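> predicted structure and sequence below. I'll ask about it afterward.
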Amino acid sequence: MKFYAHSTDNPDKSDWQKLEEHLQGVAKLAKGFARPFKSEHWAWNAGWIHDLGKATNAFQSYLLRSNELDDSAYDYDGSTSNHASTGASWAIEANGELIGKTLAYLSAGHHAGLPDWYADKTGNAALPCRMDEGKKNLETIRRYAESVAANLKDASRPPLFVDNQG
């Protein structure tokens, strides 16, 4: 199945942006922006995962409905069209708490800004509250997420500018 990141009202989808092309393009741009502060691998990875949730049937159906096109080709798989938390869930699952949460904030916040961690001030907008939805979506696209993960770079160490001495 082809997944799309952005759409138009063109029913043959010939001018729709394919999701993998979008993820790769954002990763390249982010890497370039991060070069001055030596965080290229982190930015590259954030670019690849930020729209991972767009591979869900729910988001693909959303694109079709947004353009008044038929969405009967997509079966409901239990996913939601909120795509930003899926990459966040994957980041924590694949990278552990420290690295994963850093990437999770970038993915979850790429539209609305960085979420808070504690829900006492922001309610369901807090990152832990959004993770349940992201985990649910991740389960529906696990194969696709694994194929995207093959493009990621090692970001197991903090960027050089981070003071590791405390």
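Yep, it's here.

> report the distance from stretch 54-66 to the chain centre.
14 Å (C-alpha atoms, centre = their mean, to the nearest Å).

> now that stretch: buried residues?
By neighbour count on 16 or more other C-beta atoms under 10 Å, the buried set for stretch 54-66 is 54, 55, 56, 57, 58, 59, 60, 61, 62, 63, 64. Where C-beta positions appear, they are placed from N, C-alpha and C, glycine not excepted.

> and what of stretch 27-38?
For stretch 27-38, using 16+ other C-beta under 10 Å, the buried residues are 27, 30, 31, 34.

> gap between it and the chain center?
Using C-alpha atoms, centre = their mean, the offset of stretch 27-38 from its chain centre is 17 Å.

> grab the nearest non-local neighbour of residue 27.
Ranked by C-beta to C-beta, 6 or more residues apart in numbering and with sequence neighbours excluded, the top spatial neighbour of residue 27 is residue 47, at 3.1 Å.

> tell me which residues touch the one you found, please.
Counting by C-beta atoms under 8 Å, 6 or more residues apart in numbering, residue 47 touches 23, 24, 26, 27, 28, 29, 30, 31.

> what about the nearest residue to residue 13 once chain neighbours are set aside, how many residues nearby?
In this structure, residue 13 finds its nearest non-sequential neighbour in residue 4, 7.0 Å apart by C-beta to C-beta, 6+ apart. Applying other C-beta atoms under 10 Å, we find 20 residues neighbouring residue 4.
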